[in-house]
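Q: This is a predicted model, with the sequence first.
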Amino acid sequence: MRPPRSVAAKRTLALWRDLPRSARLHTNIRWRTAPFEALEVQVPRSGNILEVGCGHGVFTTFLAVSSPDRSVVGIDIDGEKIALAKQSVLGLRNGEANLSFEHRASGDVPLIDGGWDAIVFADVLYLLPVEARTALLAECVEALSPYGLLVVKEVDTSPKFKAQMAQFQEFLATKVLRITHGNALNFPSAVELEAIMTSDGLETKMSRLDKGYFHPHCVVIGRKRQA
Ligand SMILES: C[S@@+](CC[C@H](N)C(=O)[O-])C[C@H]1O[C@@H](n2cnc3c(N)ncnc32)[C@H](O)[C@@H]1O
């Protein structure tokens, strides 16, 4: 569990101060249990960045607030979360951050001229069946710029005790409390993610981000090679 440390992290969470208590609580817990500050430094400091499955948009906003040279778009299949994300950023000052949110169907990845400089996933792919996540990753690789980065953060399947705790928590969130939308609960290992991304033609690198956390956070980063 880590509280927000950087100025941008504190600013991001402060935007939630006047939102409904349940959303505020959710975003604060999410922050403390996910390694957002370690993940943010893996994303290019400038350019067009897409976050797929942004939920309440806390990480999307943090990316944008951390560097105004990033132009960030967050998309999600959950319209209620996107509405809250939009509400949360109304408090941003003019020019403070460059970002927007869109409600989109699963697999509807927006395309931009020149492609995205980075596409980010933070704890989304475990909610998709294997075929759907493989197809979504391939679609995202297509949507990247010639040297774009695919940044995929998930909870790994090892060490086992940490993985089981994370999986139980996600079972509660999706199947019991129903605060997370998703078709499946199917946790990919970092090795599986790396294999998919390599077969999509990316040069990959895996790092663990779980020091000081209960969950086995890891990130696989894939760089596209110009075709
Ligand atoms: C655990 S939340 C993570 C939210 C956010 N990335 C974060 O780190 O706080 C998973 C999110 O993925 C979204 N999601 C599930 N399947 C999706 C899909 N096929 N396409 C886009 N978003 C999806 C859910 O609606 C949910 O908001």
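A: Perfect, I can see it now.
Q: Which of the three states applies to whichever residue of the chain sits closest to the ligand?
A: Nearest residue of the chain to the ligand (C-beta to the nearest ligand atom) works out as Gly55 at 2.8 Å. Placement of C-beta: from N, CA and C, glycine included. Under DSSP: H, G, I helix; E, B strand; the rest coil, Gly55 falls in the coil class.
Q: tally of neighbours for it?
A: Other residues within reach of Gly55, judged by other C-beta atoms under 10 Å, total 25.
Q: any idea which element the closest residue to it other than its chain neighbours lies in?
A: What sits nearest to Gly55 in space, not counting adjacent residues and going by C-beta to C-beta, 6 or more residues apart in numbering, is Lys81, at 5.1 Å. If you go by DSSP states H and E, Lys81 is part of helix 79-88.
Q: For whatever helix or strand Ile196 lives in, which helices and strands make contact with it?
A: Assigned by DSSP H and E, Ile196 belongs to helix 190-199. When contacts are defined as 3 or more C-beta pairs under 8 Å, 6 or more residues apart in numbering; DSSP states H and E, helix 190-199 packs onto helix 130-143, strand 144-155, strand 202-208, strand 217-224.
Q: Pull the contacting residues for Asp69.
A: Remark: with contacts taken as C-beta atoms under 8 Å, 6 or more residues apart in numbering, Asp69 is in contact with Arg45, Ser46, Gly47.
Q: let's see 7 Å
A: Contact analysis of Asp69 by C-beta atoms under 7 Å, 6 or more residues apart in numbering lists Arg45, Ser46.
Q: what pLDDT does it get?
A: Confidence at Asp69, expressed as pLDDT, is 97.
Q: and the helix holding Lys81 with the ligand, contact?
A: Yes: shown here: helix 79-88 in contact with the ligand (C-beta under 6 Å from any ligand atom) through Lys81.
Q: just checking, next helix/strand downstream of that helix?
A: Downstream of helix 79-88 (by DSSP H and E), the next one is strand 98-103.
Q: Tell me how many other residues crowd Ala14.
A: Neighbours of Ala14 (other C-beta under 10 Å): 11.
Q: Spell out which parts of the protein neighbour the ligand.
A: 30, 34, 52-55, 58-59, 76-78, 81, 106, 122-124, 127-128, 180-182.
Q: Residues contacting the helix or strand bottoming out on mean pLDDT in the chain, please?
A: Least confident helix or strand of the chain, by mean pLDDT, DSSP states H and E, is helix 160-171 with a mean of 77. Helix 160-171 is contacted by residues Tyr126, Val155, Asp156, Thr157, Leu185, Phe187, Asp210, Phe214, His215, Pro216 when judged by C-beta under 7 Å, 6+ apart.
Q: Give me the phi and psi angles of the residue of the chain closest to the ligand.
A: Main-chain torsions, Gly55, degrees, to the nearest 10: phi 60, psi -130.
Q: go on, Ile77?
A: Per degrees, to the nearest 10, the backbone of Ile77 is at phi -80, psi -10.
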